[in-house]
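Novice: quick check, what structure comes out for this input:
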Amino acid sequence: MKVLILPLILLMFSGCSLWRKAPGSYSSASVDSYQVIAAAEFAVAAQQTEMSDRAGESPVQMSLIKVLRAQHQVVAGKNYKLRLKVEVDGKVKRAEALVWYQSWRMPEPYELVAWSWK
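Specialist: Sure thing, here's the model as predicted:
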């Protein structure tokens with residue numbers, strides 16, 4: 001009987017590590033949370049500014065419609081990986097953004113690290 005119990009106990013404890021996420025990995029975040037929405041709004045505004053600067057005379061009109069998916073990662077601050085639905089000059093588009101947030105960086109705690117159209 002003891003011979004059967006020991007392997008079962010070892011198997012039980014070795015399996016526990018399979019369910020844990022690695023430190024520093026991305027985790028799902030609520031698309032409705034204040035922090036996610038704030039990061040998404042910042043990303044859209046930053047991308048709008050960059051696109052308008054490149055466009056020259058005609059500024060780009062861009063607005064957030066919805067956050068489709070969100071993940072966060074704790075680093076020196078927090079990274080938000082976002083899938084967004086946005087409106088650009090009247091056309092609906094999808095994009096992915098990576099926003100880095102550090103609460104102690106003032107006056108602007110957010111930084112748009114990456115933006116890509118999907």
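
Novice: give me the most central residue, the protein.
Specialist: Nearest to the mean C-alpha position of the chain, counting by CA atoms, centre = their mean, stands residue 81 at 1.9 Å.

Novice: just say helix, strand or coil for that one.
Specialist: Three-state assignment for residue 81 (DSSP: H, G, I helix; E, B strand; the rest coil): strand.

Novice: how about it: what's its closest non-neighbour residue?
Specialist: Leaving out its chain neighbours, the residue that sits closest to residue 81 by CB to CB, 6 or more residues apart in numbering is residue 71, at 4.4 Å. C-betas here are computed from N, CA, C, even on glycine.

Novice: could you do residue 25 as well?
Specialist: Residue 25 sits nearest to residue 73 (CB to CB, 6+ apart), 6.9 Å away.

Novice: hang on, that neighbour in a strand?
Specialist: Yes. The assignment for residue 73 by three-state DSSP puts it in a strand.
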